[in-house]
Every structure is written in C-alpha cells, then in structure tokens.
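Engineer: Pasting the sequence and the predicted coordinates here, then a few questions.
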Amino acid sequence: MMARLSMMLSMEPVTHDQLINEVLHHTQTDPHKRASGLSDFILGAQDGLVNVLGVVLGIAAATSDARIVLVAGLATTFAESISMGAVAYTTTLADADLYQSEREREYRHIKETPHLEIKEIRDIYESKGFKGELLDRIVETITASQDVWVAVMMAEEHQLAPVDRKSAIRAALVVGFAAIAGSLVPLFPFMIWSVSTSMWLSVLVTALVLFGIGAYKARVTVGKPMKSGLEMAVIGTVSALAGYLVGFILKVPPVP
C-alpha cells in the first residue's frame, strides 16, 4: 500500500477523493488483520482432531472397550463443537465491540487533542519513509476527513480492522462443523477394527490429517508447507498422547 500511495502522490493530478479511497481500501481490506474462513476452519478442525484423539486414546488405554471409546468420543465431539462454535461467536462479537470502543475513543481524541493526533499521523508515515512535502501532503489529506483520520489510526496505531457482527454466526458455524469433521477422524478406526489396532491407526490418520492441514495453511498463506505440516502433526500428536498417558496410568483393572 505504501508503494502505491507514494506513486499516486508523485503523479499529477491526484484528487483528494482518490487518495482517500486508496487509504480506506488499505485500512478496511488488509487480509492480515481480518479473521478468515480458512482460519476458522483450521481452528475448529485442529481442536476437534487433537482433543478427541486425546480422549479416545485415554479411554482405550483405560478400558479396552470399543463401545465406551465411541460413546466418550462422540460425546466429546458434540460438546466440543458446540463449545468451539460458541467461543467463535462470542469472540467475534468481542472483537467488534473492541473495534467500536477504540473507534469512538479516537473520535474523542481528534476533537479534544487534534494537535497530538496530527503528530501521531505524521510519526506513522514518517516511520514508513515519507518525508518533506510528500509527508506534509499525506498528513494534510488524511487529517482533512475525520472518518479517514480515524480509519488510519485504527489500522496503523491499533492494528485493528472493522468486524462485521453478522460474521459471528458464520464463524460459529464454520468452527463448529469443522470441529465435528475433525473429531470424527480419530473415531473412525474404532468403528471397524479392534481397540488395540484402532489406537495406532487413529494416531496415524490424525497425524496425516494434521500434516495436511498445516501444509495447506502454509501453501495458501505464508510459510513452508513441509515445515508447517510437520509442526502441526507433531504438536497435535504429542498433545493427544497426554490423554493416552492418563488412561494408561489410571487403567481399569479387569473384572475377575
């Protein structure tokens, strides 16, 4: 955005409205400052995979009863999905409330101490390499409109982007259904094979799915797919094995 802004200001003529539109486009659509459907899906799927794997491994180690493993796993699946969906919903609303609160505070600061807020805008763009007449023009143009001024402060000073309250329901549904989908992966082997075989298959399949999620996330965002996939698979599997350890320690002795 800085390169585009610098280019625009170095060309004549550039209208006030063009510059405002460029600034607002940047502050309202920066993908790095907004939760996405992908992050919601990864959050729900990873949580479902790791948590349910930990539960089924612990129950399997403690009882060796496939029916109990499935009951515990399914109970965890649906309780987890509802809980994760609710958390996504309330978190999105909390982010919206935070943005609105900070936005209102910036409007008050502009009215009460405009000279300080102008200095903050100047400092922000000076730190980005703008200077002299170009810097003066940027500051003058941004501070000419309170809406643009506040939008820039929200994005550059607070690192916050507008949050649509309507997206809270979407986030809850995506996270909830992703948690269900992820939870069914470690449960599937117990529906077909013996408990002892299913335990290792469950770990293997879950690790592979976690690796795929991590690699895909790196491929569509930033990072190295192999490294990201391995990190997610190792961290998730090690975390889930804690459940196995608890079940092994508290193993129910066989009935004589």
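Structural biologist: Arrived safely, thanks for sending. Numbers count the residues shown, from 1 in each chain.
Engineer: Tell me which helix or strand Gln100 sits in.
Structural biologist: Per DSSP states H and E: Gln100 is located in helix 66-112.
Engineer: Show me what that helix is packed against.
Structural biologist: With contacts taken as 3 or more Cβ pairs under 8 Å, 6 or more residues apart in numbering; DSSP states H and E, helix 66-112 sits against helix 37-63, helix 114-127, helix 146-156, helix 167-187, helix 195-220. Placement of C-beta: from N, CA and C, glycine included.
Engineer: the inter-axis angle of it versus helix 114-127?
Structural biologist: With axes from the mean of the first three to the mean of the last three Cα atoms, to 10 degrees as the basis, helix 66-112 and helix 114-127 are set at 120 degrees to each other.
Engineer: tilt between helix 66-112 and helix 146-156?
Structural biologist: Going by the same axes, to 10 degrees, helix 66-112 makes 130 degrees with helix 146-156.
Engineer: is it possible to export the helices and strands packed on helix 66-112 to CSV including mean neighbour count and mean pLDDT?
Structural biologist: Below are the helices and strands packed on helix 66-112 laid out as CSV (neighbours: other Cβ atoms under 10 Å; pLDDT from 0 to 100):
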stretch, mean neighbour count, mean pLDDT
helix 37-63, 23, 92
helix 114-127, 15, 94
helix 146-156, 20, 91
helix 167-187, 22, 95
helix 195-220, 18, 93
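Engineer: possible to save these as JSON lines with distance to Val87?
Structural biologist: Formatted as JSON lines, those follow (distance: least, Cβ to Cβ, whole Å):
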{"stretch": "helix 37-63", "distance to Val87": "9"}
{"stretch": "helix 114-127", "distance to Val87": "33"}
{"stretch": "helix 146-156", "distance to Val87": "25"}
{"stretch": "helix 167-187", "distance to Val87": "8"}
{"stretch": "helix 195-220", "distance to Val87": "19"}
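Engineer: can you tell which of those is closest to Ile249?
Structural biologist: helix 37-63 (8.7 Å; Cβ to Cβ).
Engineer: Could I get the pLDDT score of Val252?
Structural biologist: At Val252, the predicted lDDT confidence score is 63.
Engineer: Check Val222 too.
Structural biologist: At Val222, pLDDT is 76.
Engineer: For Gly214, which non-adjacent residue is spatially closest?
Structural biologist: Leaving aside its sequence neighbours, Gly214 sits nearest to Met232 (Cβ to Cβ, 6 or more residues apart in numbering; 3.2 Å).
Engineer: thinking again about what came up before, looking at the helices and strands packed on helix 66-112, which is nearest to Glu133?
Structural biologist: Among the helices and strands packed on helix 66-112, if distance is taken as Cβ to Cβ, the winner is helix 114-127, at 12.7 Å.
Engineer: continuing past that closest one, what's the next helix or strand?
Structural biologist: By DSSP H and E, the next helix or strand past helix 114-127 is helix 132-143.
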